[in-house]
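Any chance you could fold what I've pasted below:
(one chain, ligands or ions: 1)
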Amino acid sequence: MVQTPSPPRAEANSESAVTLAALVNEINQFEAIVSEWDEAQRATVAGLRRAIEALHREALLRLIRQVKQEALPALRHAAEDELVYGLLRYYELVKPPTPPLAQRLQLALDEVRPGLQSHQGDVELVTVDPPLVEVRLIGTCGHCPAAGLTLSQGVEEAIKRHCPEITQVVAVQRHEGAIGEERLSPFATPDAGWLEVTALAEVPRNGVLAMKLEGRSLLLSRVNDRVVCFQNACSHLGVPVDAGEVEEGVLTCPYHHFRYDLATGECLTSPQTPLFSYPVEIRGGQVYVQLWGNA
Ligand code: FES
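Have a look, this model is predicted:
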């Protein structure tokens, strides 16, 4: 397996983009033809494809083993290319990098939030100092007799599952005067690498906004009360996915119709290949993202 510390980089030039589009288009045309064939013929084509892919995977595996021994940095650099990265992901020859702690904590809290909100409660992060996380149960959850249970069976369990490096989750009390004060993430510090990307008002609901930031291709969208940010690269072939249609919070790649849940980046077509996501903060009506995994 190749360890890729960074997400794929944008394509080097427009010429390669044209070639890539032509190649993807050719695949689309053949797939359209085959989709019209009867089941037995389609099964034969699928079998042939499986056999060829198995051969290619084995060859790639041998190539990676050899290059890894002789020129690991070159291999890492090659895997930063969107197409190469997409191919390695397709053949499961590259491990998706672990998202940063801030992002995984956000995921954990988002997971338990609907349950808390259905009881007029909520939860917020107060301190993150691995292996310790302090949270505050707010609304009715803060003074509910079952608050201990909410913490241990809901919040704590979700945090520990998403963030194995966190072994201690403690609930702290709200201090007087905190009602209505702006809630800032404990990660929202100037040295945490947050970059301003656009105004909140520019980010569409039921759609996506494609942007470039520091050489990265980004995809932003507004889902319920959150803004999400992903690498603008389909997990299938690494090509930009922003031209896809968004329907009921699901983005469909325009090429081979991989479907992505925009709330989480999860690929509904191939669950092991989510979109590469970046942490997002909203401050003063502006959207900030954290470009982790820099090459
Ligand atoms: S490039 Fe094939 S599904 Fe996106």
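
My read is that L237 contacts V24, right?
Yes. Counting by C-beta atoms under 8 Å, L237 does reach V24; the two are 6.2 Å apart. In short, each C-beta sits where N, CA and C put it, glycine included.

So for these two, which residue has more residues nearby?
L237 (22 against 18; other C-beta atoms under 10 Å).

what do L237 and V24 both touch?
Listed as contacting both L237 and V24 by C-beta atoms under 8 Å, 6 or more residues apart in numbering are Y255.

Can you pull the phi and psi angles for the closest residue to G285 other than its chain neighbours?
Nearest residue to G285 in three dimensions, chain neighbours excluded: L200, at 5.1 Å (C-beta to C-beta, 6 or more residues apart in numbering). Backbone geometry at L200, expressed as degrees, to the nearest 10, gives phi -60, psi -40.

got a list of what L200 touches?
Taking C-beta under 8 Å, 6+ apart as the test, what L200 contacts is V227, I282, G285, Q286, V287.

what about 6 Å?
Contact partners of L200, counting by C-beta atoms under 6 Å, 6 or more residues apart in numbering, are I282, G285, V287.

Next, the contact list for the last one, please.
By that I understand V287. Applying C-beta under 6 Å, 6+ apart, the residues contacting V287 are V197, T198, L200, V227.

sec struct for the first one, please.
For V197, the reduced secondary structure class is strand; criterion used: DSSP: H, G, I helix; E, B strand; the rest coil.

Now for the closest residue to E266 other than its chain neighbours, how many residues are close by?
In space, and not counting its chain neighbours, E266 is closest to P274: 5.1 Å by C-beta to C-beta, 6+ apart. Applying other C-beta under 10 Å, we find 18 residues neighbouring P274.

Now do the longest helix along the chain: distance to the chain's middle.
When the chain is parsed with DSSP state H, its longest helix is helix 39-70. Remark: helix 39-70 is offset 26 Å from the chain centroid, using C-alpha atoms, centre = their mean, to the nearest Å.

cool, stretch 234-253 as well?
The chain centre lies 13 Å from the centre of stretch 234-253; the measure is C-alpha atoms, centre = their mean.

Check stretch 108-124 too.
21 Å.

And for stretch 203-223?
For stretch 203-223, the distance to the chain centre is 13 Å (C-alpha atoms, centre = their mean).

Is that stretch positioned near the ligand?
No. Judged by C-beta under 6 Å from any ligand atom, stretch 203-223 stays clear of the ligand, getting no closer than 12.7 Å.

and that stretch, average pLDDT?
Across stretch 203-223, pLDDT averages out at 91.

quick one: buried residues of it?
Under the neighbour-count criterion of 16 or more other C-beta atoms under 10 Å, stretch 203-223 has 203, 208-209, 211, 213, 216-223 buried.

Just the closest of these to the ligand, please.
L219 (12.7 Å; C-beta to the nearest ligand atom).

beta partners for the closest one?
A210, F230 (DSSP bridges).

ok, it to L93 distance?
25 Å (C-beta to C-beta, to the nearest Å).

And F258, its phi and psi?
Phi and psi for F258, reported as degrees, to the nearest 10, are phi -60, psi 140.

now do D81
As for D81, its main-chain torsions (degrees, to the nearest 10) stand at phi -70, psi 130.

got a pLDDT number for it?
So, for D81, pLDDT stands at 80.

Can you get me a residue count around it?
D81, neighbours per other C-beta under 10 Å, totals 18.

Spell out which parts of the stretch 151-295 of the chain neighbour the ligand.
C234, H236, L237, V239, C253, Y255, H256, F258.

Quick check: the farthest pair among the residues you listed?
Using C-beta to C-beta, the pair of those lying farthest apart is V239 and F258, separated by 10.7 Å.
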